[in-house]
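> have a look; sequence and predicted model below, questions after that.
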Amino acid sequence: MISKTDKKQAYILADQFINHLRVERGLSDNTIQSYGRDLIRFLQFIEQKKISPLRAKRDHIAEYISSLSPLLSARSIARNLSALKMFFRFLISEGKIKDSPARLLETIKLPGRLPEILSCEEVDLLLSQPDISDSLGMRDKAMLELLYATGLRVSELIGLNLININLEAGYVRTIGKGSKERMIPMGQKAIDAVKAYISDGRAGLLKGRNPSRLFLNAKGKAISRQGFWKIIKRYGVMAGIKKKITPHRLRHSFASHLLEGGADLRSVQVMLGHADISTTQIYTHVSRERLKNIHERYHPRP
């Protein structure tokens, strides 16, 4: 039976691991939250087995991963295994254990999945939906134009401060994954939409406050990730687009449309903030697949 002391120690180690991810590894808040949930799920599992994580064996890890199959997608299971491998490496570095019980477990192979994108026509339709006659509409127009113009992650978009925008130079500065800074050109349509929002729309949302964040909600506070998800989903419905509309799909569309237009892969990698160019290469597959579909649709002898 696991003692109260062992149980308490397990959750102290979990807290220390999360702090390690934040401070020393510099992972994004979303990744840290996901790894934290995965780790808590595992600790609850081995607690039921009356085992301390410091005494966990390979078979315990394998049994846990198997138990997730009916509950989670392959991608989520792979993330769970990744979190555990990282957790046990952390315990080794802290001198708590000598060897990782997850070390010999194979990483789950995920099926290659091409990101789904919007056509240029669908993007134009989506971006034309906000009513720019009021402050909220100007904000929404600026957010959508900026998201498609730069390929920002939604967390990067809502985290922008006024000082991150240089309208004269036409650049936005953001801090991405791993606390890496990058500068991304905005394009004239995004510049015009952001300029209109800042000069005419944002003042109507301040509510007597003086926040540093660029994009505000109706209460004058920084707009949340969930808030923007609801906004973009609503505009997708208004536009009559049948595809599921998410901020990340607009990011995928940004990258794919750039490559289709002739941009080089390295430049797209820099703008997206990908550490490894292999992550960006998936968009070349999207472009090839799109060309194949066009060929099959229009060639007289497909």
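Cool, got the structure.
> now do the strands in the protein.
Counting by DSSP state E, the chain has strands at residues 165-166, 171-175, 181-185.
> helices and strands of the chain: which one has the lowest mean pLDDT?
When each helix and strand of the chain is scored by mean pLDDT, DSSP states H and E, helix 282-298 comes last, with a mean of 69.
> low-confidence stretches in this protein?
Low-confidence segments of the chain, defined by pLDDT under 70: 1-4, 6, 106-114, 285-291, 294-295, 298-299, 301-302.
> most centrally placed residue in it?
By C-alpha atoms, centre = their mean, the chain has its centre lying nearest to residue 153, at 5.7 Å.
> check contacts around that residue.
Residues near residue 153 by C-beta atoms under 8 Å, 6 or more residues apart in numbering: 176, 247-248, 251, 273. The C-beta positions use only the backbone N, C-alpha and C, and glycine is treated the same way.
> rerun at 10 Å
28, 30, 147, 159, 174, 176-177, 225, 247-248, 251, 272-273 (C-beta atoms under 10 Å, 6 or more residues apart in numbering).
> just to revisit the earlier point, and residue 117, which of the strands of the chain is closest to it?
Between residue 117 and the strands of the chain, the shortest gap by C-beta to C-beta is with strand 181-185, which sits at 18.7 Å.
> what about the closest one, distance to the chain center?
17 Å (C-alpha atoms, centre = their mean, to the nearest Å).
> that one pairs with which strands, parallel or anti?
Strand pairing for strand 181-185, using DSSP bridges, gives strand 171-175 (antiparallel).
> quick one: buried residues of the strand it pairs with?
171-172, 174-175 (16 or more other C-beta atoms under 10 Å).
> mind listing what the residue nearest to residue 147 when sequence neighbours are not counted touches?
Distances taken as C-beta to C-beta, 6 or more residues apart in numbering put residue 250 closest to residue 147, at 5.2 Å, once the chain neighbours are dropped. Residues in contact with residue 250 (C-beta under 10 Å, 6+ apart) are 117-118, 123, 126-127, 144, 147-148, 151-152, 154, 157, 232, 236.
> closest one of the residues you listed to residue 210?
Within those, the smallest distance to residue 210 is 21.1 Å, found for residue 157 (C-beta to C-beta).
> wait, residue 66 touches residue 81, no?
No: at 11.2 Å, residue 66 does not count as touching residue 81 under the criterion of C-beta atoms under 10 Å.
> of those two, who's got more company?
Shown here are residue 66 and residue 81; by other C-beta atoms under 10 Å, residue 81 has more neighbours (21 against 10).
> sorry, back to before: among the contacts of residue 250, which are in helices?
The helices, defined by DSSP state H, take in 123, 126-127, 144, 147-148, 154, 157, 232, 236 from the contacts of residue 250.
> ok, these vs residue 190, which is closest?
Checking the ones in helices among the contacts of residue 250 against residue 190 by C-beta to C-beta gives residue 148 as the nearest, at 7.6 Å.
> distance of the closest one relative to residue 73?
For residue 148, the distance to residue 73 equals 28 Å [C-beta to C-beta, to the nearest Å].
> give me the more crowded residue out of the two.
Neighbours per residue (other C-beta under 10 Å) separate residue 148 from residue 73, with residue 148 holding more: 23 against 11.
> on that earlier part again, could you identify the most distant pair in the contacts of residue 153?
Between any two of the contacts of residue 153, the greatest separation by C-beta to C-beta is 18.5 Å, found for 225 and 272.
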